[in-house]
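In: just a sequence and a predicted model for now, questions to come.
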Amino acid sequence: MGEGAAFLVLEAEETARARGAQILARVAGFGNAFDPDTREQSPPRRSVLAGAIAHALADAGIAASDIGAVVSSASGSRPLDARESAGIGAALGAAVPVTAIKSMTGETLGASGALQALAAIEALRGGRLPGVAGLTRVDPAIILAVSAETRPMRATRALVTTIAPEGNCCALVLATD
């Protein structure tokens with residue numbers, strides 16, 4: 001378990017511009033789904049998260065190839081991490097760079113999504129995707145481009161994914177363009 005908090009202000013772009021706010025990013029797309037099988041130890045029969053990601057991409061009006069990086073929930077639960085990896089891989093392919101900030105913060109429960117979104121925004125703005133802290137060996141079930149090293153990135157769109165033990169799966173496309 002970890003402790004942490006993040007605060008994001010969401011408002012209509014016209015309102016933010018009218019008051020002269022600095023716009024850090026925008027929510028370009030969102031998708032969610034429910035996977036009743038998240039407690040199973042076996043590989044998923046289908047990827048519910050991939051469907052949530054597909055909805056988020058469609059909502060944003062972009063292709064999978066437009067995503068420059070993924071900030072995954074990756075809590076360290078082998079079954080959930082494998083399910084999340086399978087979903088991201090099915091929706092985006094295995095080459096997109098992926099990080100897991102819970103490796104640095106621990107599981108912050110309700111704060112996790114906001115912390116992940118903030119990490120994605122800062123990675124887009126700063127051009128650097130943080131590595132996975134403490135990563136020395138990648139589980140063979142993880143089919144994604146994960147690294148312990150911070151990597152440079154040139155992207156204007158990132159995806160935040162979450163998958164909860166209770167079955168909730170969400171995908172959020174954030175954009176800085």
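Out: Sure thing, it's come through.
In: distance between the ends of stretch 146-164?
Out: For stretch 146-164, the first-to-last residue distance is 20 Å (Cα to Cα, to the nearest Å).
In: same question for it, mean pLDDT?
Out: What stretch 146-164 shows for mean pLDDT is 96.
In: what residues sit buried inside that stretch?
Out: By neighbour count on 16 or more other Cβ atoms under 10 Å, the buried set for stretch 146-164 is 146, 147, 155, 157, 158, 159, 160, 161, 162, 163, 164. Heads up, the C-betas are built off the backbone N, CA and C, glycines and all.
In: please apply the same query to stretch 69-78.
Out: So, applying 16+ other Cβ under 10 Å, buried residues of stretch 69-78: 69, 70, 71, 72, 73, 74, 75.
In: now, the buried residues of stretch 146-164 that are in strands?
Out: Counting by DSSP state E, the buried residues of stretch 146-164 place 146, 157, 158, 159, 160, 161, 162, 163 in strands.
In: can you pull out the helices in the chain?
Out: Under the criterion DSSP state H, helices of the chain are mapped to 13-18, 48-60, 78-92, 102-105, 112-126.
In: any idea how far the third one is from the chain center?
Out: Translated: helix 78-92. In this view, helix 78-92 has its centroid 11 Å away from the chain centroid, taken as Cα atoms, centre = their mean, to the nearest Å.
In: between the ones in strands among the buried residues of stretch 146-164, which is closest to residue 112?
Out: Lowest distance from residue 112 to those (Cβ to Cβ) belongs to residue 162, with 7.0 Å.
In: hang on, the earlier thing: which one of the helices of the chain lies closest to residue 1?
Out: Closest to residue 1 of those is helix 102-105 (Cβ to Cβ; 10.0 Å).
In: packing partners for the closest one?
Out: Using 3 or more Cβ pairs under 8 Å, 6 or more residues apart in numbering; DSSP states H and E, the elements in contact with helix 102-105 are helix 112-126.
In: quick one: contacts of the helix it packs on?
Out: Outside helix 112-126, the residues that touch it by Cβ atoms under 8 Å, 6 or more residues apart in numbering are 4-8, 24-25, 68-69, 71-73, 99, 101-102, 105, 108, 129-130, 153, 155-160, 162, 170, 172, 174-176.
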